[in-house]
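J.: here is a sequence together with a model predicted from it:
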Amino acid sequence: MSERVAAHVAAFNETVTTGAWESFSQRFTDDATLAFEGVPVGPFTGRPAIAAAYAAQPPTDTMTVTDVETDGDHDLARFTWSAGGAGTMRLTWRGGAIAALTVSFDG
């Protein structure tokens with residue numbers, strides 16, 4: 001697994017327990033986008049909107065990455081949720097931060 005995906009997932013899982021979504025949002029660029037496929041929420045553009053979205057509807061499950069494919073500044077990470085279910089994250093990186101994140105859910 002790429003170190004950047006591992007760090008992102010570790011930060012996400014910690015934030016699920018602490019609720020510090022404003023701090024978590026610092027992982028994103030100022031103009032980042034966050035989109036979800038298969039659920040009626042978002043997309044969100046900009047770090048403040050991303051922080052507000054997570055704070056308004058905070059995830060309650062942690063995730064475990066099962067596979068990562070990396071191509072330059074792009075990662076495709078497959079994961080499972082602690083409460084069951086699975087999904088995929090597509091991450092685009094810029095300057096060590098997330099410039100775009102799209103999350104899709106299986107099933």
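T.: Now that the structure is in, tell me what you want to look at. Small disclaimer: the values here were computed from a predicted structure and weren't measured.
J.: count the residues that sit near the nearest residue to His74 once chain neighbours are set aside.
T.: Counting by CB to CB, 6 or more residues apart in numbering, Thr92 is the residue found nearest to His74 once chain neighbours are left out, at 5.5 Å. In short, each C-beta sits where N, CA and C put it, glycine included. Neighbourhood size, Thr92 [other CB atoms under 10 Å]: 16.
J.: packing partners for the lowest-mean-pLDDT helix or strand in the chain?
T.: Every helix and strand in the chain was compared by mean pLDDT, DSSP states H and E; the lowest is helix 21-24, with a mean of 91. Under the contact criterion of 3 or more CB pairs under 8 Å, 6 or more residues apart in numbering; DSSP states H and E, helix 21-24 touches helix 3-18, helix 47-56.
J.: now with 6 Å?
T.: helix 47-56 (3 or more CB pairs under 6 Å, 6 or more residues apart in numbering; DSSP states H and E).
J.: I'd like the next helix or strand past the helix it packs on.
T.: The first helix or strand that comes after helix 47-56 along the chain, using DSSP states H and E, is strand 63-71.
J.: run through who's touching whatever helix or strand comes next after that next one.
T.: Moving toward the C-terminus from strand 63-71, the next helix or strand (DSSP H and E) is strand 74-81. By CB atoms under 6 Å, 6 or more residues apart in numbering, the list of residues contacting strand 74-81 from outside reads 2, 5, 61, 63-69, 86-92.
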